[in-house]
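Asks: build me a model:
(2 chains)
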Amino acid sequence: MEIAVKQPLKATAVKVRLAALEGIWRAKSGHPGGSLSAADILTYLYFKQMNINPQEPQWQERDRFVLSKGHAAPGLYAVLALRGYFPVEDLATLRHPDSHLQGHPNMHLTPGIDMSTGSLGQGISAAVGLALGAKISGKPWQVYTLLGDGELQEGQVWEAAMFAAAKGLDNLTAIVDNNNLQIDGSITEVNSPYPIAEKFRAFGWHVIEIFGHCFTELEQAFEELKTIVGKPVCIVAKTVKGKDVSFMENNVSWHGSAPNDEQYEQAVAELKAKLAEVEG
Amino acid sequence: MADIKLATRDAYGQALAELGAKNSKLVVMDADLAAATKTSVFAKAYPERFFDAGIAEQNLIGVAAGLSIAGFTVFASSFAMFAAGRAFEQIRNTLGYPHLNVNIGATHAGISVGEDGASHQCCEDIALMRTIPGMTVINPADDVEARAAIFAAAELPTPCYLRFGRLAVPRVNSEGYRFELGKAVTLKDGKDVTIIATGLMVSEALYAAATLESEGISAGVLNIHTIKPLDEEAILSAAAKTDLLVTAEEHSIIGGLGSAVAEVVSEKAPCRVLRVGVRDKFGCSGPALEMLKRYGLDAKTIAETVRAGLGK
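Replies: Numbering: from 1, shown residues only, chains lettered A, B, ... in the order given. As a prediction, this is how the structure comes out:
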């Protein structure tokens, strides 16, 4: 990837982190850890990969995205706002009763949301249905879904994985945000889903393993998946929960709690320094 | 009542195949029970539009949701126990919350599953399904009504739960029957009691009413095929006409039609409501007709309940 292209993506991802955190801080609730770990993946999808039109969110021929780990909604909302689906100012209304930005994604309220999610394990099935629908309609659109690694503990994920491979859905890509933490601790301590790549391979998927904060690796993965025929693709992206906010990184207590004013100020200072660095 | 006896699940398979011919955007899914749910009839006619999820009901509902947002009208089937029961949360969150155009064709509902026993006899599905906001719940009385209900559900852009049985049941409606979603059907007028029935208990209610008539008790029969949205007007009108209402359903007395009727009259026209249904019990293995008798889901029990209610 050209440095000129990579730099805006990196800067955008920092802006996504800032916007997601601002929403969570204002709402005094939400999930910062998983929003920050998914920020680069979501940025790449919406700013580079997906065939979409923010001016026409319901455009029939668009690629589809399902946030199976629905609690990373603040991250996705930030990406959608920065991509132009709705005003960035709306992010301040996150988790308010009459806001279109509910705690978890609602397809009928938020422009750009293709499927309502929130209950783990269910989004991937809907993504499979969308991919199957595209196949039988002869439509070229691609379907992407983002899963948490703790989410892989849901049995339904594997029901969906088995079905997608059995139907040869090569228009489906599942990305695992492998930040290694879930509410009750590390995923290994709680109920290990490892080895993740081997499991998806055994279920008949083509698997690509990358570092989920590297845009070069993201680009290579998304280029590679275009060459895969007859199989769904799983990108296992190693990530850091709470990425780019020092006190949140790899700290499970930031899974689902909002920063106080002081913590928020520190986070903003760190992210602004990061932004200056990448825009350097 | 005609002498014809057919299972509502047979009407389901047939109706799906007919709808498949009319609507190329109609797809059908099953979870390894196609031969039993009768979606196999559709599968045979339109194999390219039939998808078997295998024994995976949670994914069945999720994939149906995805197909729906991809622009298809979906019918997804399993036994009531595994559709409404096992996949309840998937139906609630992935179909109900986003109001998707998926119809759940749940067969083998109730105690009349018979020999398979309690693990397969779902008497809780109406209760579960009617609590979901925006869900339509239909429990047809016979094959004619089932067919009409399936055609109506196919036109409905929101989620619908259709409850079908395994057992062949008497046809209570004539061929020219006009089904209206959410509208109860008065099958017989009565002065002393109204029997409000649903599903296979409608024919039992008619038998009971005939017996009661011969004893000088005037019993009306109201068929509630649509449990949600409930025809409150028809229930309130029955409550105004007769002092006693007796509900009859092949479902738990907790949360089903009896509860729904009691909810309406207790708020708007308090009157006595007695419920015939499964009395907070699990079933057991045995021939369907024997099961219905054993759990008090028959004309005899309805008539006894009416007599008790009237102090006769």
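
Asks: what are the ranges of the helices in the chain?
Replies: All of this is about chain A. A:3-27, A:32-44, A:73-83, A:123-137, A:155-166, A:187-191, A:196-202, A:215-225, A:261-279 (DSSP state H).

Asks: wait, I meant chain B there
Replies: Ranges of helices in chain B, per DSSP H, are B:8-22, B:34-37, B:39-45, B:57-69, B:80, B:88-90, B:125-130, B:143-155, B:201-214, B:232-241, B:257-268, B:288-294, B:299-310.

Asks: closest one to chain A among these?
Replies: helix B:57-69 (1.9 Å; CB to the nearest CB). No exception for glycine: its C-beta is placed from N, CA and C like everyone else's.

Asks: what does chain B have sitting close to chain A?
Replies: B:27, B:48-49, B:51, B:53-54, B:56, B:58-59, B:61-72, B:89-90, B:93-94, B:97-99 (CB under 8 Å from any CB of the partner chain).

Asks: buried subset of these, written for ChimeraX?
Replies: Those of these that count as buried under 16 or more other CB atoms under 10 Å in any protein chain shown are selected in ChimeraX with:
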select /B:27,49,51,53,56,58,59,61,62,63,64,65,66,67,68,69,70,72,90,93,94,97,98,99
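
Asks: could I get the contacting residues of residue 173?
Replies: No chain in the question, so chain A it is. By CB atoms under 8 Å, 6 or more residues apart in numbering or on different chains, the contact list for residue A:173 reads A:142, A:143, A:144, A:145, A:225, A:232, A:233, A:234, A:235.

Asks: wrong chain, I was asking about chain B
Replies: Contacts of residue B:173 (CB under 8 Å, 6+ apart): B:141, B:142, B:144, B:145, B:185.

Asks: ok, of those, which come out buried?
Replies: For these, buried by 16+ other CB under 10 Å: B:141, B:142, B:144, B:145, B:185.

Asks: CSV please, covering the helices of chain A and showing mean pLDDT and mean neighbour count.
Replies: Output for these, formatted as CSV (pLDDT from 0 to 100; neighbours: other CB atoms under 10 Å in any protein chain shown):
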stretch, mean pLDDT, mean neighbour count
helix A:3-27, 91, 21
helix A:32-44, 97, 29
helix A:73-83, 98, 27
helix A:123-137, 98, 28
helix A:155-166, 98, 23
helix A:187-191, 97, 14
helix A:196-202, 98, 17
helix A:215-225, 97, 18
helix A:261-279, 97, 15
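
Asks: residues contacting residue A:15?
Replies: Neighbour list for residue A:15: A:78, A:82, A:275 [criterion: CB under 8 Å, 6+ apart].

Asks: hmm, back to that, so can I have CSV of the buried ones among the contacts of residue B:173 showing pLDDT?
Replies: Formatted as CSV, the buried ones among the contacts of residue B:173 follow (pLDDT from 0 to 100):
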residue, pLDDT
B:141, 98
B:142, 97
B:144, 97
B:145, 98
B:185, 98
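
Asks: hang on, the earlier thing: in JSON lines: the contacts of residue A:15, plus distance to chain B.
Replies: Output for the contacts of residue A:15, formatted as JSON lines (distance: CB to the nearest CB, whole Å):
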{"residue": "A:78", "distance to chain B": "22"}
{"residue": "A:82", "distance to chain B": "25"}
{"residue": "A:275", "distance to chain B": "36"}
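
Asks: quick check, central residue of chain B?
Replies: For chain B, residue B:139 is the residue whose C-alpha lies nearest the centre (CA atoms, centre = their mean; 1.8 Å).

Asks: so what's residue A:96 closest to, chain neighbours aside?
Replies: residue A:27 (7.3 Å; CB to CB, 6 or more residues apart in numbering or on different chains).

Asks: where do the strands of the stretch 101-250 of chain B begin and end?
Replies: Here the stretch 101-250 of chain B has its strands, by DSSP state E, counting those that start in this stretch, at B:102-107, B:136-138, B:160-163, B:169-170, B:185-188, B:193-197, B:219-223, B:226-228, B:244-252.
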